[in-house]
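Student: this is the structure alone, sequence omitted:
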């Protein structure tokens, strides 16, 4: 099963273009944060998790909290549990450069 198919099952999204966009944006974020060029296998679920968060936040970008009809909603940034996973894969910089082993 592809990552798009897994994300579709998690979210119920039928729009393949939206699925791809969410996954690409999440992967870009992960690669930039970890300073890697290639996505390690262990981060694929984290990419999907970030894509789900982005999907849930669609239409509420920039909001920290909202109240409607007597109900209050507070929006959190990316959960610490995701950063805990990302930090395990983050490359340290040496001399201003991050070195990733070639496989």
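Tutor: Perfect, I can see it now. Everything numeric here is computed off the predicted structure, so don't read it as measured data.

Student: partners of residue 73 in the sheet?
Tutor: Note on residue 73: beta-bridge partners residue 66, judged by DSSP bridges.

Student: any idea how many residues pack against it?
Tutor: If you count neighbours by other C-beta atoms under 10 Å, residue 73 ends up with 11. Backbone N, C-alpha and C define where each C-beta goes, glycine included.

Student: cool, and the one 4 residues further on?
Tutor: Here the neighbour count serves as a burial measure; for residue 77 (other C-beta under 10 Å) it reads 10.

Student: give me the secondary structure label for it.
Tutor: Following DSSP: H, G, I helix; E, B strand; the rest coil, we place residue 77 in the coil state.

Student: and the pLDDT at it?
Tutor: What the model reports for residue 77 is a pLDDT of 78.

Student: from residue 69, how far out is it?
Tutor: Counting by C-beta to C-beta, to the nearest Å, the gap from residue 77 to residue 69 is 25 Å.

Student: quick check: mean pLDDT across stretch 27-43?
Tutor: Here stretch 27-43 scores 95 as its mean pLDDT.

Student: next: stretch 88-103.
Tutor: Across stretch 88-103, pLDDT averages out at 81.

Student: and if you look at stretch 47-66?
Tutor: Stretch 47-66 shows a mean pLDDT of 83.

Student: buried stuff in that stretch?
Tutor: 47, 48, 49, 50, 51, 52, 53, 54, 55 (16 or more other C-beta atoms under 10 Å).

Student: what residues are up against the second one?
Tutor: Read it as residue 48. 3, 6, 7, 10, 23, 26 (C-beta atoms under 8 Å, 6 or more residues apart in numbering).

Student: contacts for stretch 21-36?
Tutor: For stretch 21-36, contacts defined as C-beta under 8 Å, 6+ apart pick out 3-4, 7, 37-39, 43, 46-48, 50-51, 54-55, 86, 89-91, 93, 98, 100.
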